[in-house]
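In: Here is a sequence together with a model predicted from it:
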Amino acid sequence: VFRRAFKHVVGQSRLQLAMTSKILAPDVYYDPQASYIWVLSRYRLTVLEGVFHRGTFWVFLLIHLLVKFAFISGWVSKVEGEVLYVSWSALSVMSTLTTFFEVFYTTQCWGRCTKLYHLTRDMLGETYDFVMEMRLLIGVSSQAHVRLSSRYVMASIFVFFCELDDEVSDAEWDQMIRLGLIKSDELEHLTAFSSTDRSVLLLNWAGSVVCSGHDLATDAGTCPPNLRKGLLAALMKVRTKMQRVKDLVGFPLPFEYFHLLNIMVVMNCAMWAYNFAQPGSWVMTVCYFFASLVFMGMMEVASSLSDPFGNDEMDFPIASWLSSWLRDVRTLLEDELPTAAARQSEEAAARWEALIAEEGQLDKDMMSIDIFADSGFVDSLPRGTTTSMVMAGFPSIWGGAAAGGRVSRSLILIEEEDES
């Protein structure tokens, strides 16, 4: 529903561009054991696209070819002691410094990108915990409070991603109204606040609904009074993740460092274009081509990592994440156990009691099942070993798969064949 609703949105915000693009910022998976030739044959979703679309790369290559032609024609001579002579030892100092600065910059961008990834995923995961706790603790007394608080949390998440562009557009508000995340009177109230306050305000509304629903559940005797703090703590975790994401997005590496690095890369490529143009050796031209490609390619990688919320194909697949997240939240909110929907009748109540009574002790043979027998996991094990998965907590299998897909309290034991 979310992807269909945003298909007709026109605008230039990052979220809209992600929704309307033909490729929804896919996760790129690759085989690290693939052959070198196969990897080299790839062009799409590589740094080659970015470098070859930059005019700077071709300008420096043209300069190199012109200098090469000047050397071959005899207009310029490369003799030690002349004015235009540049020694490789002097150039190596600049190349070493540039390499160090560039690797440091790329490393910092990668570390920042991984932090943003984990914070964003954890932020979505915290909403699952909130919805599950509300459904189990408050839903017995008032499912309406659960739905309203969850809707405010979902709206807060959507507004947060839109606010990364500093402002939520009218088209985005319209789409959220059509999705049912925001109502017209709520929007009228929200627009009176600044763009940086709206996502937090929606979380505050969710907290108010939580308190009201908890009072009802407490009066009905279905929820202990001391659980309110835990329910509100889930909202506080979401707000904390939002703030940390905003802080990281708004605090990139200093522009002075980026400017200095660009100077070093440009000067280094310019000096390479001159020094690699040795007369009579076209192999040096090939060496220059790949050396400049590596330097500029590293800058392309760093620039992609520095803003993972953009509209490039290698950025975070926000559209895919939110689409899956919406489906999961809806499932947690509305789906029931097979017998729970009709538990009101005497027949359904009897079936429910029978289901509980039939649930016996877990079989010990389950402990020795080779769960990964048909997967590639076994093929990667040393010869003479088998696998058995020992579950320290069986509820984690059926209900403990969190947002990140983790199965908690599970242990994979690799046992020797003669001891298993």
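Out: Perfect, I can see it now. The model shown is predicted, which means the values in this text are computed figures rather than measured ones. Numbering: from 1, shown residues only.
In: Identify the residues contacting residue 277.
Out: Residue 277 sits next to 64-65, 67-68, 70-71, 284-285, 288 when contact means Cβ atoms under 8 Å, 6 or more residues apart in numbering. For the C-beta atoms, the positions are set from N, CA and C on the backbone; glycine is no exception.
In: no no, residue 65
Out: 277, 285.
In: Residue 327 now?
Out: With contact set as Cβ under 8 Å, 6+ apart, residue 327 has no partners.
In: just how off-centre is the helix or strand containing it within its chain?
Out: Assigned by DSSP states H and E, residue 327 belongs to helix 318-334. Helix 318-334 has its C-alpha centroid displaced from the chain centroid by 15 Å (Cα atoms, centre = their mean, to the nearest Å).
In: Kindly report the same for stretch 285-303.
Out: Relative to its parent chain, stretch 285-303 has a centroid offset of 26 Å by Cα atoms, centre = their mean.
In: average pLDDT for that stretch?
Out: Mean pLDDT, stretch 285-303: 90.
In: Next secondary structure element downstream of the longest helix along the chain?
Out: When the chain is parsed with DSSP state H, its longest helix is helix 88-137. Moving toward the C-terminus from helix 88-137, the next helix or strand (DSSP H and E) is helix 143-163.
In: which other helices and strands contact the strand or helix carrying residue 302?
Out: Using DSSP H and E, residue 302 falls within helix 283-306. If contacts are counted by 3 or more Cβ pairs under 8 Å, 6 or more residues apart in numbering; DSSP states H and E, helix 283-306 sits against helix 47-52, helix 55-73, helix 88-137, helix 255-275.
In: ok, 6 Å please
Out: Here helix 283-306 touches helix 47-52, helix 88-137, helix 255-275, going by 3 or more Cβ pairs under 6 Å, 6 or more residues apart in numbering; DSSP states H and E.
In: For that helix, buried residues please.
Out: 284-285, 288, 291-293, 295-306 (16 or more other Cβ atoms under 10 Å).
In: Now residue 123: closest residue in space, sequence neighbours ignored.
Out: Spatially, and ignoring its direct neighbours in sequence, residue 123 is nearest to residue 241 (3.7 Å; Cβ to Cβ, 6 or more residues apart in numbering).
In: so residue 288 touches residue 276, yeah?
Out: Yes. Contact criterion Cβ atoms under 6 Å: residue 288 and residue 276 qualify, at 3.7 Å.
In: and residue 245, how many neighbours?
Out: Counted with other Cβ atoms under 10 Å, the neighbours of residue 245 add up to 20.
In: contacting residues around it?
Out: Taking Cβ atoms under 6 Å, 6 or more residues apart in numbering as the contact definition, residue 245 lies against residue 119.
In: Check the secondary structure at it for me.
Out: helix (DSSP: H, G, I helix; E, B strand; the rest coil).
In: circling back to that earlier point, with respect to residue 153, which of the contacts of residue 277 is nearest?
Out: residue 288 (55.0 Å; Cβ to Cβ).
In: and the gap between that closest one and residue 75?
Out: Residue 288 sits at a distance of 19 Å from residue 75 (criterion: Cβ to Cβ, to the nearest Å).
In: sorry, back to before: tell me which of the helices and strands packed on helix 283-306 lies nearest to residue 179.
Out: It's helix 88-137; of the helices and strands packed on helix 283-306, that one is closest to residue 179 (Cβ to Cβ) at 15.7 Å.
In: Okay, and residue 316 sits in which element?
Out: Counting by DSSP H and E, residue 316 is part of no helix or strand.
In: Pretty sure it sits against residue 308.
Out: Yes. Using Cβ under 6 Å, residue 316 is in contact with residue 308, at 4.8 Å.
In: Just give the nearest non-adjacent residue to residue 273, would you?
Out: That would be residue 64: by Cβ to Cβ, 6+ apart, it lies 3.8 Å from residue 273.
In: Identify the residues contacting the one you found.
Out: So residue 64 contacts 273, 277, 288 (Cβ under 6 Å, 6+ apart).
In: If we ignore the residues flanking it in sequence, what's nearest residue 231?
Out: residue 210 (5.1 Å).
In: what's the neighbour count on the one you found?
Out: 26.
In: From residue 193, how far out is it?
Out: From residue 210 to residue 193 the distance is 21 Å (Cβ to Cβ).
In: do residue 179 as well
Out: Taking Cβ to Cβ, one finds residue 179 at 21 Å from residue 193.
In: Those two - which one has more neighbours?
Out: When neighbours are counted by other Cβ under 10 Å, residue 179 comes out ahead of the other of residue 179 and residue 193, with 18 against 11.
In: mind showing which ranges of the stretch 301-420 of the chain have poor pLDDT?
Out: Applying pLDDT under 70 to the stretch 301-420 of the chain picks out residues 337-349, 364-420.
In: One more pass at 90, please.
Out: Counting by pLDDT under 90, the stretch 301-420 of the chain shows low-confidence ranges at 301, 303-324, 326-327, 330-420.
In: give me every residue that touches residue 91.
Out: 271, 275.
In: redo that, cut-off 8 Å
Out: Residues near residue 91 by Cβ under 8 Å, 6+ apart: 271-272, 275.
In: Please produce CSV containing those, extended by neighbour count and pLDDT.
Out: Putting the contacts of residue 91 into CSV (neighbours: other Cβ atoms under 10 Å; pLDDT from 0 to 100) gives the following:
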residue, neighbour count, pLDDT
271, 15, 87
272, 21, 88
275, 19, 84
